[in-house]
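Participant: Provided below are the primary sequence and the corresponding predicted coordinates.
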Amino acid sequence: MSGTHRTNSPRTRRTLTRRGKLVAAGATVAVVAGGALGYFALFPQQAPAFVRDTLQSVGLADPNAGAPDATCPLTGAPVPGSEVPDRPALAVKIENAPEARPQAALNEADVVVEEPVEGGYTRFIAVFQCGDSDRVGPVRSGRTTDPDYLRQLGPAVFGYAGGRDVVKREVPKVGLVDVNYIVAAGAYTRDESRAAPHNL
């Protein structure tokens, strides 16, 4: 028995006194508050206004630090103007056969997707949100893979030049605004310097 030690006996069990509990609680609050102030000092744009004012008054935050710069939703790049354009994304199906080159507006698109089609060729989907162009093309037909890919853009506008019936049925089903050449021919023009069908 002499080698045993009981840790739960009334003589050896210790609890914090009321004063000890208050000290521990105060230390915890100080650590949490210090961590929060440190975080807001690093990211002042995320701090509430009264916290920003306090940090600025003690020299821990830049008074000129405001809201973060606006970024394009599809790329994360800074917005060319002052804010993201108030419009849905526009996706346009663009040809990539040799007869279609040079294409118009691929450099201005926010996102360009290249997808394989028949005969070893590819086609592009150019998506514009912050980007803009007066001329896009040559526009070609939609493919069955397009609606599934484009549904992630939300209520985007899809411009294409016809396609199989299954494509035309799926476009509105996934929430896209259908601006197919067959039903909205007035939205398109022909470039007379190119041979059809590479001139839409």
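Facilitator: Right, received. Where do you want to start?

Participant: For the rest of this, base every contact and every neighbour count on C-alpha atoms.
Facilitator: Noted.

Participant: Pretty sure Ser82 sits against Cys130.
Facilitator: No. Taking C-alpha atoms under 8 Å as the contact criterion, Ser82 and Cys130 are not neighbours in contact, 11.0 Å apart.

Participant: neighbour-wise, which of those two wins?
Facilitator: When Ser82 is set against Cys130 and neighbours are counted by other C-alpha atoms under 10 Å, the residue ahead is Cys130, at 26 against 10.

Participant: wait, what's in contact with the more buried one?
Facilitator: Under the criterion of C-alpha atoms under 8 Å, 6 or more residues apart in numbering, the contact partners of Cys130 comprise Cys72, Val79, Pro80, Val84, Pro85, Asp110.

Participant: out of the residues you listed, which are buried?
Facilitator: Buried members of the contacts of Cys130, scored by 16 or more other C-alpha atoms under 10 Å, are Cys72, Val79, Val84, Asp110.

Participant: Strands - which of the residues you listed land there?
Facilitator: Secondary structure assignment by DSSP state E places none of the buried ones among the contacts of Cys130 in strands.

Participant: and of the residues you listed, the nearest to Asp178?
Facilitator: Here the nearest of the buried ones among the contacts of Cys130 to Asp178, counting by C-alpha to C-alpha, is Asp110; it sits at 20.0 Å.

Participant: how much space is there between the most centrally placed residue in the chain and Tyr181?
Facilitator: The structure's the chain has its C-alpha centroid closest to Pro73; by C-alpha atoms, centre = their mean the separation is 3.9 Å. Here Pro73 is placed at a distance of 27 Å from Tyr181 (C-alpha to C-alpha, to the nearest Å).

Participant: where does the closest residue to Leu74 other than its chain neighbours fall, phi/psi-wise?
Facilitator: Taking C-alpha to C-alpha, 6 or more residues apart in numbering as the measure, Leu74 lies nearest to Asp110, with 6.7 Å between them; neighbours along the chain are not counted. With angles defined as degrees, to the nearest 10, Asp110 shows backbone torsions of phi -70, psi -40.
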